[in-house]
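K.L.:
Only the shape, not the letters, is given here:
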């Protein structure tokens, strides 16, 4: 849709990704992702830079604003605009997240109030990326109360995947909590449900004919291939199947370990279990990457499928 292109889609993705990464480390720090976890630091480190870079892309996309800086200044003063609210939310989140990362980097205990304010601002940032589209009445496909829900769930899912991926490479202690797999599973399931509800609302006729045309672009027409292949299959269904299988394996693992310890047959080489574990880890990393690809694809498709009500398609 006209001016809303790649940079805006990437900005929406990075805003949610950074917010989700902060919330992942916050949840890990508070024990919501298990008693032993290695996810309680890296999300704090990357959250502010990711959101700041996304905001830079937004400013870059506002080419007219670069030529006329007072237009950007005006965005800070128009308090009736959702974009103005978002600018203050993003600015506050980046500031708080940088301070939190400073405490974590120096291995100092940050004040609880700072951590909680950061979590609230992170959630607001994720919601804002959806609200920015939802309030555009001229684009019926975007103008849905479910848009922020879809974006928040996707932000949590991609943020958890990014944090897990980075922790694998940069944290010394590798800990694989059953709770993390369960949360992965819940988030992907919630994302599937929210996207399904989003399209169900459109096809119920509640958002008009133009919204249905946009939905058709994704489901059956020009954007169908990336929708079904990158978003649905790679970004949602594939990870869902993997997380279900992993959750089942982790539930069986304690029993299997007990049986192995009681067994008198010790002929199985240790490398067999190590090889299986390595394959599982590679699959997990691939799955985390697929979730993030799906999250980026979701934003791009939603932006590119937008059709304004004044483009003649209502006739």
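P.N.:
Structure's in. What do you need? Since we're looking at a predicted model, the values are computed, not measured.
K.L.:
Count the residues that sit near residue 243.
P.N.:
23 (other CB atoms under 10 Å). No exception for glycine: its C-beta is placed from N, CA and C like everyone else's.
K.L.:
after the strand or helix carrying it comes which helix or strand?
P.N.:
Taking DSSP states H and E as the criterion, residue 243 maps to helix 238-262. Next along the chain after helix 238-262, taking DSSP H and E as the criterion, comes helix 270-304.
K.L.:
So which bits of that next one are buried?
P.N.:
For helix 270-304, a neighbour-count test (16 or more other CB atoms under 10 Å) marks 284, 287-304 as buried.
K.L.:
ditto for stretch 156-169
P.N.:
156-168.
K.L.:
Not counting its own residues, what contacts that stretch?
P.N.:
The contact list for stretch 156-169, computed with CB atoms under 8 Å, 6 or more residues apart in numbering, reads 13, 16-25, 28, 38-39, 41-43, 46, 126, 174, 180, 183-184, 187-188, 191, 281, 284-285, 287-289, 291-292, 294-295.
K.L.:
what mean pLDDT would you report for it?
P.N.:
For stretch 156-169, mean pLDDT is 95.
K.L.:
Distance check, residue 131 against residue 301.
P.N.:
Going from residue 131 to residue 301 by CB to CB, to the nearest Å gives 18 Å.
K.L.:
try residue 246
P.N.:
Distance from residue 246 to residue 301, by CB to CB: 28 Å.
K.L.:
likewise residue 208?
P.N.:
Counting by CB to CB, the gap from residue 208 to residue 301 is 19 Å.
K.L.:
So among the contacts of stretch 156-169, which ones count as buried?
P.N.:
Using 16+ other CB under 10 Å as the threshold, 13, 16-25, 28, 38-39, 41-43, 46, 126, 180, 183-184, 187-188, 191, 284, 287-289, 291-292, 294-295 are the buried ones among the contacts of stretch 156-169.
K.L.:
Now, those that are in helices?
P.N.:
Members of the buried ones among the contacts of stretch 156-169 lying in helices (criterion: DSSP state H): 13, 16-25, 28, 42-43, 46, 126, 180, 183-184, 187-188, 191, 284, 287-289, 291-292, 294-295.
K.L.:
got the contact list for the host helix or strand of residue 96?
P.N.:
Using DSSP H and E, residue 96 sits in helix 82-105. The contact list for helix 82-105 (CB under 8 Å, 6+ apart) reads 15, 18-19, 22, 41, 44-45, 47-48, 51-52, 55, 75-79, 109-110, 114-115, 117-118, 121-122, 124-125, 128, 131-132, 135.
K.L.:
so which strand or helix has residue 130?
P.N.:
Remark: residue 130 resides in helix 112-134, with elements defined by DSSP H and E.
K.L.:
which element follows that helix toward the C-terminus?
P.N.:
Counting by DSSP H and E, the next helix or strand C-terminal to helix 112-134 is helix 146-170.
K.L.:
Residue 152 is in contact with residue 127, isn't it?
P.N.:
Yes - here residue 152 reaches residue 127: they are 5.4 Å apart, a contact under CB atoms under 8 Å.
K.L.:
So those two - more neighbours on which side?
P.N.:
Ranked by neighbour count (other CB under 10 Å), residue 152 and residue 127 place residue 152 first, with 26 against 21.
K.L.:
any idea how far that one lies from residue 146?
P.N.:
Residue 152 sits 11 Å away from residue 146 when distances are taken as CB to CB.
K.L.:
cool, and residue 84?
P.N.:
In terms of CB to CB, residue 84 sits 23 Å off from residue 146.
K.L.:
and the closest residue to residue 54 other than its chain neighbours, what is it in contact with?
P.N.:
Spatial nearest neighbour of residue 54, excluding adjacent residues (CB to CB, 6 or more residues apart in numbering): residue 14 at 3.2 Å. With contact set as CB under 8 Å, 6+ apart, residue 14 has these partners: 50, 51, 53, 54, 57.
K.L.:
Now render those residues as JSON lines, adding secondary structure and distance to residue 94.
P.N.:
Formatted as JSON lines, these follow (DSSP: H, G, I helix; E, B strand; the rest coil; distance: CB to CB, whole Å):
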{"residue": "50", "secondary structure": "helix", "distance to residue 94": "10"}
{"residue": "51", "secondary structure": "helix", "distance to residue 94": "6"}
{"residue": "53", "secondary structure": "helix", "distance to residue 94": "10"}
{"residue": "54", "secondary structure": "helix", "distance to residue 94": "10"}
{"residue": "57", "secondary structure": "helix", "distance to residue 94": "14"}
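K.L.:
and which of these is nearest residue 7?
P.N.:
Among the contacts of residue 14, residue 57 lies closest to residue 7 (CB to CB), at 4.9 Å.
K.L.:
The closest one - how many residues pack around it?
P.N.:
19.
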